[in-house]
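A.B. asks: next input, structure requested:
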Amino acid sequence: MTENLCEIVELPPVNITGLVSHDAAIFTQICAIMRAIKPALRSAISGLSFRPAALIVDLFGSEAMMVADEFEMPKYPLKIPGCKAVRPEDVIDPMVDRTNQQYLEYVRMGMDIPKCDGILLNIWEDLQPKTLEALRDEELLGQLCKQPSGSVIYVSFGSGGTLSLEQMVELAWGLELSQQRFIWVVRSPSRKTDGSFFTAGSGEANSMASFFPEGFLDRIREVGLLIEDWAPQVEILSHPSVGGFISHCGWNSTLEAITNGVPIIAWPLYAEQRMNAALLTEELGVAVRPNILASEEVVGRKEIEMMIRTITVDKEATYIRNRVKKLKYSAVKTLSEGGSSYNALSLVAKKLELQWKTMEVNAS
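C.D. replies: Numbering: from 1, shown residues only. Modelled structure (predicted):
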């Protein structure tokens, strides 16, 4: 390959109304979408001006592997952390063409903005709350810098995890009773814990205060920080002030905790998370978990307090911290040049390069 090429192709949405029942599980809906999208994927690949060297799919993309076989393309699964989609046609033109000098100027300006002392915007809170929340992320990290090393518990159940209102109340009491500092990414409570990817924002309560015990927000003002819906997780977990993570044990969150040396309170909710929790607690020894399944029963405040203290101040905390720090150093080594993961990915890249060259020769 003589140049880097990035061409984004957006596939049209598919209607699965007649393929699954209205109350089908999220997993079933996603699988139906992936099956229904295959003709559009096939058409998109055929319409490209070049033949891709490989097809890389995520966990749910196995249905597309037969399409790769039709085009004689090697296929690789890949789990990519998701973000809210932005259509290419909705951004300004220079951002689509990276060969355009304007693109480079926009990137330069964007990198310069965080260097200023403040940003004045012609908007207000209710107009663009998410934009303002994102801009205040630096403020969050600034607060973390004021906390003692390893003193903050980070609480997040992923982009799709939700708790019942009763469980949120117990978790709030557990955090308060533990007397530890904390940052909690709060999502609206739900009757279901099996993910809210298709129902985000449809929680039962109307305001954050109604999620918690009476007076909770006032009592934790000096030690707790509540953030709605989303937080910069990687930056938080990598901060020295963070000493524990109450997590749903999604694999991305699991690796982000381990590679930053952060002990975990395993709180699996759905999908493969229970298996991940078992690995973390029983095999790796870097986590503790409730005595009951959090996805089936309500975990009480006293048990939550106990788990927090187990990974922060109790005698067992030293053992857990040492275990996870050992894995952190192992992760750094394997990702460095000459490490096993570095070498494995290099082999994949070389194989793709050979495949590409072979395709070019055959085409000529």
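
A.B. asks: quick one: the helices in this structure?
C.D. replies: 26-36, 38-46, 65-70, 101-112, 129-135, 137-145, 165-178, 216-219, 233-237, 251-258, 273-278, 301-312, 315-335, 340-363 (DSSP state H).

A.B. asks: counting by contacts, list what the shortest one packs against.
C.D. replies: Packed against helix 216-219, as judged by 3 or more CB pairs under 8 Å, 6 or more residues apart in numbering; DSSP states H and E, are the following elements: helix 165-178. For every residue, glycine as well, the C-beta is placed using N, CA and C.

A.B. asks: the residue nearest to residue 19 when sequence neighbours are not counted: what's it in contact with?
C.D. replies: In space, and not counting its chain neighbours, residue 19 is closest to residue 32: 4.6 Å by CB to CB, 6 or more residues apart in numbering. Counting by CB atoms under 8 Å, 6 or more residues apart in numbering, residue 32 makes contact with 16, 19-20, 24.

A.B. asks: tell me the pLDDT at residue 32?
C.D. replies: Looking at residue 32, its pLDDT is 86.

A.B. asks: do residue 247 as well
C.D. replies: 96.

A.B. asks: which ones are touching it?
C.D. replies: Applying CB under 8 Å, 6+ apart to residue 247 gives the contacts 156-158, 253-254, 257, 264-267.

A.B. asks: ok, it to residue 154 distance?
C.D. replies: Residue 247 sits 8 Å away from residue 154, taking CB to CB, to the nearest Å as the criterion.

A.B. asks: and if you look at residue 23?
C.D. replies: With CB to CB as the criterion, residue 23 and residue 154 are 34 Å apart.

A.B. asks: which one's more surrounded, these two?
C.D. replies: residue 154 (26 against 6; other CB atoms under 10 Å).

A.B. asks: the more buried one pairs with what?
C.D. replies: Bridge pairing for residue 154 (DSSP bridges) gives the partners residue 183, residue 245.

A.B. asks: just confirm it contacts residue 235, I think it does.
C.D. replies: No - under the criterion of CB atoms under 8 Å, residue 154 makes no contact with residue 235, lying 10.7 Å away.

A.B. asks: what sits in contact with each of those two?
C.D. replies: The contact lists of residue 154 and residue 235 share no entry, where a contact means CB under 8 Å, 6+ apart.

A.B. asks: quick check: phi and psi at residue 21.
C.D. replies: Backbone dihedrals for residue 21, given as degrees, to the nearest 10, come out at phi -70, psi 160.

A.B. asks: tell me the pLDDT of it.
C.D. replies: 86.

A.B. asks: next, count neighbours for it.
C.D. replies: Neighbours of residue 21 (other CB under 10 Å): 9.

A.B. asks: how much space between it and residue 56?
C.D. replies: Distance of residue 21 to residue 56, computed by CB to CB: 31 Å.

A.B. asks: kindly report the same for residue 33.
C.D. replies: Relative to residue 56, and taking CB to CB, residue 33 is found at 18 Å.

A.B. asks: do the same with residue 331
C.D. replies: Separation of residue 331 from residue 56 (CB to CB) stands at 22 Å.

A.B. asks: go on, residue 18?
C.D. replies: With the distance defined as CB to CB, residue 18 ends up 30 Å from residue 56.

A.B. asks: who has more neighbours out of those two?
C.D. replies: More crowded of residue 18 and residue 56, by other CB under 10 Å: residue 56, with 17 against 7.

A.B. asks: what is the more buried one paired to in the beta sheet?
C.D. replies: residue 76.

A.B. asks: surely it is in contact with residue 68?
C.D. replies: No - using CB under 8 Å, residue 56 makes no contact with residue 68, being 9.5 Å away.

A.B. asks: list the residues that are in contact with both of those two.
C.D. replies: residue 75.

A.B. asks: pLDDT below threshold where in the protein?
C.D. replies: Scanning the chain for pLDDT under 70 picks out 1-6, 59, 76, 78-89, 94, 112-118, 130, 133-138, 191-206, 364.

A.B. asks: how does it look with 50?
C.D. replies: For the chain, residues meeting the criterion pLDDT under 50 lie at 1-2, 79-83, 198-205.

A.B. asks: one step back: most surrounded residue in the contacts of residue 247?
C.D. replies: Highest neighbour count within these, by other CB under 10 Å: residue 267, with 29 neighbours.

A.B. asks: distance check, that one against residue 237.
C.D. replies: Where residue 237 is concerned, residue 267 sits at a distance of 16 Å (CB to CB).

A.B. asks: I'd like the contacts of residue 32 as a markdown table, with distance to residue 168 appended.
C.D. replies: Formatted as a markdown table, these follow (distance: CB to CB, whole Å):
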| residue | distance to residue 168 |
| --- | --- |
| 16 | 32 |
| 19 | 34 |
| 20 | 30 |
| 24 | 27 |
